[in-house]
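Novice: next come a sequence and a model predicted from it.
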Amino acid sequence: MATPDADPTVRPGRAPALQLDELDRRIIAILQTDGRRPYSHLAEELNIPPSSVRYRVQRLEESGILQIVGIADPLKIGFDRLAMIGIRVRAGEAQNVCRALRELPETSYVILTAGRFDIMAEVICRDTAHFTDLVTNRLQRVDGVVSTESFLVLEVHKLAYGWGVGEVEAASVDAD
């Protein structure tokens, strides 16, 4: 059995990481730009059979590397309060608090951090009353939470989802 030290693809408590090749990276990069791009178009662009694209996308999804979703702009669908919340927790409670926070429907992003805060959470709320209720009546009452500091989002200047797989030529993602 491989140990985490002996095999870089084995991570403690997780299945071995899927090894990505350049073709996998190109598929991911293209789908990050246009997740609805037909497999037939991807196949033409990459000069491989559509069945290969279908297989690779399925493998990437099953491994948890790729998730294809529709992303709505919360400000355009009735949510008016976006915030990042820094959270300090009791020693040894960070994992439990993260699990509790990810269950809240308002959290869109929950991360364990090093630094001033133990956890950062992005929340999306309808309005100030909803945000106030979330922070004071639910989030601050999660067992293990010691304190919170909220950072209200005033404007979003960049929201990107295409990272970690390299550049895709503009012509390849604009062609239809």
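Specialist: Alright, I've got the coordinates.
Novice: pop the domain breakdown of the chain in here.
Specialist: 1-71, 74-152 (automatic domain parsing).
Novice: I'd like those domains written out as JSON lines, with mean neighbour count and distance to Ala160 added.
Specialist: C-beta here means a position set from N, CA and C on the backbone, and glycine is covered the same way. Compiled in JSON lines, the domains of the chain are given as follows (neighbours: other CB atoms under 10 Å; distance: least, CB to CB, whole Å):
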{"stretch": "domain 1-71", "mean neighbour count": "13", "distance to Ala160": "9"}
{"stretch": "domain 74-152", "mean neighbour count": "15", "distance to Ala160": "13"}
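Novice: nearest to Leu159, out of these?
Specialist: domain 1-71 (8.4 Å; CB to CB).
Novice: just to revisit the earlier point, which of the domains of the chain has the lowest mean pLDDT?
Specialist: Lowest mean pLDDT of these: domain 1-71, a mean of 80.
Novice: any idea how far the residue lying closest to Ile65 once chain neighbours are set aside is from Thr107?
Specialist: Leaving aside its sequence neighbours, Ile65 sits nearest to Leu18 (CB to CB, 6 or more residues apart in numbering; 5.9 Å). Distance of Leu18 to Thr107, given as CB to CB, to the nearest Å: 27 Å.
Novice: do Thr128 as well
Specialist: Separation of Thr128 from Thr107 (CB to CB) stands at 18 Å.
Novice: repeat that for Val156.
Specialist: Distance from Val156 to Thr107, by CB to CB: 17 Å.
Novice: repeat that for Leu75.
Specialist: Separation of Leu75 from Thr107 (CB to CB) stands at 17 Å.
Novice: for Leu46, same thing?
Specialist: Taking CB to CB, one finds Leu46 at 36 Å from Thr107.
Novice: touching the helix or strand harbouring Asp133 from outside, list them.
Specialist: Secondary structure assignment for Asp133, by DSSP states H and E: helix 128-133. Around helix 128-133, the neighbours that count as contacts under CB atoms under 8 Å, 6 or more residues apart in numbering are 81, 83, 106, 123, 125, 150.
Novice: so what sits opposite the first one in the bridge?
Specialist: Using DSSP bridges, the beta-bridge partners of Arg81 come out as Cys125.
Novice: so it touches Glu122, yeah?
Specialist: No. Under the criterion of CB atoms under 8 Å, Arg81 is not in contact with Glu122, lying 11.4 Å apart.
Novice: so for those two, which residues contact both of them?
Specialist: With CB under 8 Å, 6+ apart as the test, Arg81 and Glu122 reach no residue in common.
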